[in-house]
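Model the structure of this input:
(4 chains)
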2 protein chains.
Amino acid sequence: MVTIADVARHAGVAPSTVSYVLTGKRSISPQTRTKVRESIRLLGYHPHAGARALATSRANVVALVLPLRPGVHLPVLMRFVTAAVTTARRHDMDVLLVTADQGAQGLRRVAGSAQVDGFLVMDVELDDDRVPLLRQMAQPSVLIGRPAAVKGLTCVDLDFEAAGARCVDHLADLGHRYIGFLGAPSVVYQRNTGYAQRTMAGFGAAAMRRGIASTALPAEDDYESVLVSVRSLLRTQPAMTALVVHNEAALGWVAGSLRALGRRVPDDVAVVAICPDELAEQMQLTSVQLPAEELGRQAMELLVARLNGHPTAPLTLLPPKLSGRASTAPRLRRA
Amino acid sequence: MVTIADVARHAGVAPSTVSYVLTGKRSISPQTRTKVRESIRLLGYHPHAGARALATSRANVVALVLPLRPGVHLPVLMRFVTAAVTTARRHDMDVLLVTADQGAQGLRRVAGSAQVDGFLVMDVELDDDRVPLLRQMAQPSVLIGRPAAVKGLTCVDLDFEAAGARCVDHLADLGHRYIGFLGAPSVVYQRNTGYAQRTMAGFGAAAMRRGIASTALPAEDDYESVLVSVRSLLRTQPAMTALVVHNEAALGWVAGSLRALGRRVPDDVAVVAICPDELAEQMQLTSVQLPAEELGRQAMELLVARLNGHPTAPLTLLPPKLSGRASTAPRLRRA
DNA sequence: AGCGGCTGTCGAAGCGCTTCGACAGTGGAA
DNA sequence: TTCCACTGTCGAAGCGCTTCGACAGCCGCT
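Below is the predicted model of the structure:
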């Protein structure tokens, strides 16, 4: 292994000088600098990460805590991971992969051994048991998701309330006056999954604001259930001409159910989905996307900011973006 | 930060003694051992990873080099990653995430700074430009995939030849005598993607061995092309009663194409796919699976073995496993 | 009683890096 | 000319751990 001493000897300077060339923490004459740089290149020198970590108490590594449970949408996860890694690299950081199944235990171990300088934790739930730990750890962390209390944390999330509202506004602007909401399976609302509830809330509030009649129902993820839910929505509100769907798994059955009930998309019923963009693209649905890249990038930027001692807001909400596609159209006024 | 000196003081012993308790490299009296263990627990001590790495020149971290280009099947990738991480943890190793887009450059950096003890490189192609680098690096590596020359390497892969053969055998055992092969898009065969060619080769050889007439054709991944390819196969070999498909993207169109041409699955044409299990499960296809977990686990075990100085075979091929589902049936002898 | 070989523990050196204080050398102000 | 303030470089200490050689105490042997 080539050490800093080798480089120093080769360049005819002291090790400390090489270090200063590398870190730029003291001024070095141009001649010396180029000489040292040349030696570094020639010898193929790379500073020993462990030694550097020991001396600076900075590892230049962040932990990425990934949920690997079934049910996460993998394309979105991957886009997120890619963005996070890319952003980390732009700040000369590496990424240590920690799977959520290692639990709080794993976090403690990684944090305790000073392997990483900070944590990026995905898929945080309303009352996540890792939150108290993260709060008291020496290393800063950024959470994707939104636990009940964000005080003392740094959280990034899509603004699901705004997303729900955005759907309503889009449909209202198109002239729709009766809108239905097809939500996640009811169990999702039972356990504390904040984003589902917040979307609903945003949807409901926006509808009220715009003077629009709304009806909401959960949906399970098989065809029969979706059909039942959709039928029930139509029965409750026969004048319904638009539907907001916040349920990836049910998405595939919605158009079919509507067709089975004699409604065509978008002419009889306009559909807006809140879902990953690929799905929407594939089914040609107007949708509010889950901005995975943006989330990953932002989260990592915030983490880096905290590592550099900058204060950060406890909660950053990304504004929803709606992409118009074939599943929405202005309300048809029948003769 | 709690250091080994703190623990030593608390337990009334020398730092080296604590170290020996931790590593077990010298015998320690039971009394001392429990005393030290207790102090460790009480103080919440974790050895500093960097310091340890510096002293032992072992980081206890392996790099996982992931392809994040489009086209990789993410569920399979994730299963693989999970298995690799889990296996690593069982050997007290952590996993550093390196994305393939960082290229050889990235490998060199990570290797040079002694951040990791070894590399697990996924998705290696026949003439991968990282292979020469990996060969000459100080750290050992295990490759998933199979470059042209495996000498001096450690590679793990599914035995694609055997997979092709396994399909033929299954169909032959069911009485089929005329079998078609629907391959990857032709560009895949043009660039050097070993596994596609090897599957073909295994398929062809097995057919010859069993005295079976075989015809093969590539397929693009849209409905029209698949239809054209299937029609062409049937025209070339009108007596064809079985089809092996090695093309995930085309898979969705195969049954439809056959139906459009007046053939029903499995009665008129039996279909065997070589694809990830979820896909096969979802479409109810008899298939040879891509054993992602097994691959990840094996690869990591081999890497650990190499890290411990054990020699490993340059090539480990996993035997294919065929799962029977609704798309194959014995050949129907028509009246 | 004396000796050799164990066992269990200690102290110190060293892993490769950063960083602090020291200090020559230089140029400009007094 | 003297003095001061820089600028650029060096040497040494120290980060927290492992590991090697040393060695005290003990047992069992002659």
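
Run the contact check for stretch A:294-309 versus DNA strand C.
No. Stretch A:294-309 stays clear of DNA strand C (Cβ under 7 Å from any atom of the strand), getting no nearer than 13.6 Å. In this view, the C-beta of every residue, glycine as well, is placed from N, C-alpha and C.

What of stretch A:57-75?
No. Stretch A:57-75 stays clear of DNA strand C (Cβ under 7 Å from any atom of the strand), getting no nearer than 8.0 Å.

Same question for that stretch: list its buried residues.
By neighbour count on 16 or more other Cβ atoms under 10 Å in any protein chain shown, the buried set for stretch A:57-75 is A:59-68, A:73-74.

Tell me which of the residues you listed fall in strands.
Judged by DSSP state E, the subset of the buried residues of stretch A:57-75 located in strands is A:61-66.

which among the buried residues of stretch A:57-75 are in contact with chain B?
By Cβ under 8 Å from any Cβ of the partner chain, the members of those lying near chain B are A:59, A:61, A:64, A:68, A:74.

Give the residue spans of the stretch 1-150 of chain A that score low on pLDDT.
For the stretch 1-150 of chain A, the stretches with pLDDT under 70 are A:70.

Quick check: residues of it near DNA strand C?
The stretch 1-150 of chain A has residues A:1, A:3-5, A:15-16, A:18-20, A:22-23, A:25, A:45-48, A:51-52, A:54-56 near DNA strand C, with proximity defined as Cβ under 7 Å from any atom of the strand.

Which of those residues are buried? Put it as a PyMOL command.
Only the buried members of these enter the following PyMOL selection, criterion being 16+ other Cβ under 10 Å:
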select buried, chain A and resi 4+18+19+20+22+45+46+47+48+51+52+54
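
Take the residues of the stretch 1-150 of chain A next to DNA strand C and keep only those in strands.
Per DSSP E, the subset of those in strands is empty.

if we look at DNA strand D, which of the residues of the stretch 1-150 of chain A next to DNA strand C are close to it?
Within these, those near DNA strand D by Cβ under 7 Å from any atom of the strand are A:15-16, A:20, A:51, A:54-55.

In these, find the pair that's most separated.
By the measure Cβ to Cβ, A:20 and A:54 form the most distant pair in those, at 18.5 Å.

which residues in the stretch 51-200 of chain A form helices?
Secondary structure of the stretch 51-200 of chain A (DSSP state H, counting those that start in this stretch): helices at A:74-90, A:103-112, A:130-136, A:160-173, A:186-190, A:194-209.

and the ones you listed, which is most packed in?
Neighbour counts (mean count of other Cβ atoms under 10 Å in any protein chain shown) averaged over each of those peak at helix A:160-173, with a mean of 22.

and the nearest residue to residue A:22 once chain neighbours are set aside, what does it touch?
Nearest residue to residue A:22, sequence neighbours excluded (Cβ to Cβ, 6 or more residues apart in numbering or on different chains): residue A:47, at 6.8 Å. Contacts for residue A:47 (Cβ atoms under 8 Å, 6 or more residues apart in numbering or on different chains) come out as A:4, A:22, B:113.

ok, the first one touching residue A:20?
No. Counting by Cβ atoms under 8 Å, residue A:20 is not a contact partner of residue A:4; they are 11.0 Å apart.

Can you tell me which residues in chain A are near DNA strand D?
By the rule Cβ under 7 Å from any atom of the strand, the part of chain A lying against DNA strand D is A:12-17, A:20, A:26-29, A:31-33, A:51, A:54-55, A:57.

okay, now the domains of chain A?
Listed domain ranges for chain A are A:4-47, A:61-158+A:292-318, A:160-289 (source: automatic domain parsing).

just the ones next to chain B among the buried residues of stretch A:57-75 now: which is nearest residue B:168?
The shortest gap between residue B:168 and any of these belongs to residue A:74, at 32.4 Å (Cβ to Cβ).

buried ones in the host helix or strand of residue A:306?
Assessed by DSSP states H and E, residue A:306 sits inside helix A:292-307. Using 16+ other Cβ under 10 Å as the test for burial, helix A:292-307 gives A:292, A:294-307.

Show me what whichever helix or strand comes after it is packed up against.
Downstream of helix A:292-307, the next assigned helix or strand under DSSP H and E is strand A:315-318. Helices and strands touching strand A:315-318, by 3 or more Cβ pairs under 8 Å, 6 or more residues apart in numbering or on different chains; DSSP states H and E, are strand A:155-158, helix A:292-307.

ok, now how distant is the residue positioned nearest the centre of chain A from residue A:144?
With distances taken as Cα atoms, centre = their mean, residue A:295 lies nearest the centre of chain A, 4.1 Å away. For residue A:295, the distance to residue A:144 equals 6 Å [Cβ to Cβ, to the nearest Å].

what do those two both touch?
A:80, A:156-157.

Throw those residues into CSV and include distance to chain B, thanks.
Formatted as CSV, the shared contacts of residue A:295 and residue A:144 follow (distance: Cβ to the nearest Cβ, whole Å):
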residue, distance to chain B
A:80, 11
A:156, 20
A:157, 23
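
got a pLDDT number for residue A:334?
pLDDT recorded at residue A:334 is 59.

count of residues packed around the residue nearest to residue A:21 when sequence neighbours are not counted?
Nearest non-adjacent residue to residue A:21, counting by Cβ to Cβ, 6+ apart: residue A:36, 4.4 Å away. Other residues lying near residue A:36 total 24 when counted by other Cβ atoms under 10 Å in any protein chain shown.

is it true that residue A:36 touches residue A:7?
Yes. With contact defined as Cβ under 8 Å, residue A:36 and residue A:7 form a contacting pair (6.9 Å).

shared neighbours of the two, which are they?
residue A:18.

Tell me what residue A:62 is bridged to.
residue A:95, residue A:118 (DSSP bridges).

Provide a list of residues in contact with it.
By Cβ under 8 Å, 6+ apart, the contact list for residue A:62 reads A:88, A:93-96, A:116-120, A:300, A:303, A:307.

could I get the residues you listed as CSV with distance to residue A:136?
Converted to CSV, these look like this (distance: Cβ to Cβ, whole Å):
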residue, distance to residue A:136
A:88, 24
A:93, 23
A:94, 25
A:95, 23
A:96, 20
A:116, 16
A:117, 16
A:118, 14
A:119, 13
A:120, 18
A:300, 22
A:303, 17
A:307, 18
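
From those, pick the one nearest residue B:133.
Using Cβ to Cβ, the contacts of residue A:62 come closest to residue B:133 at residue A:94, 18.2 Å.

Tell me which helix or strand the residue in the stretch 201-335 of chain A positioned nearest to chain B sits in.
Proximity of the stretch 201-335 of chain A to chain B (Cβ to the nearest Cβ) peaks at residue A:278, 10.5 Å away. Per DSSP H and E, residue A:278 falls inside helix A:277-283.

which is the next helix or strand following that helix?
Next in sequence after helix A:277-283, counting helices and strands by DSSP H and E, comes strand A:286-288.

What pairs with that following strand, parallel or antiparallel?
When DSSP bridges is applied, strand A:286-288 pairs with strand A:270-274 (parallel), strand A:322-323 (antiparallel).

Any idea how many residues pack against the closest residue to residue A:145 other than its chain neighbours?
Leaving aside its sequence neighbours, residue A:145 sits nearest to residue A:124 (Cβ to Cβ, 6+ apart; 3.5 Å). Look at residue A:124: counted by other Cβ under 10 Å, it has 25 neighbours.

Surely residue A:124 is in contact with residue A:142?
No. Applying Cβ under 8 Å as the test, residue A:124 and residue A:142 come out as separate, 10.0 Å apart.

what is in contact with the two at once?
What both residue A:124 and residue A:142 touch, as defined by Cβ under 8 Å, 6+ apart, is the set residue A:155.

Looking at the buried residues of helix A:292-307, spot the one nearest residue A:266.
So of those, ranked by how close each gets to residue A:266 (Cβ to Cβ), first place is residue A:292, at 26.4 Å.
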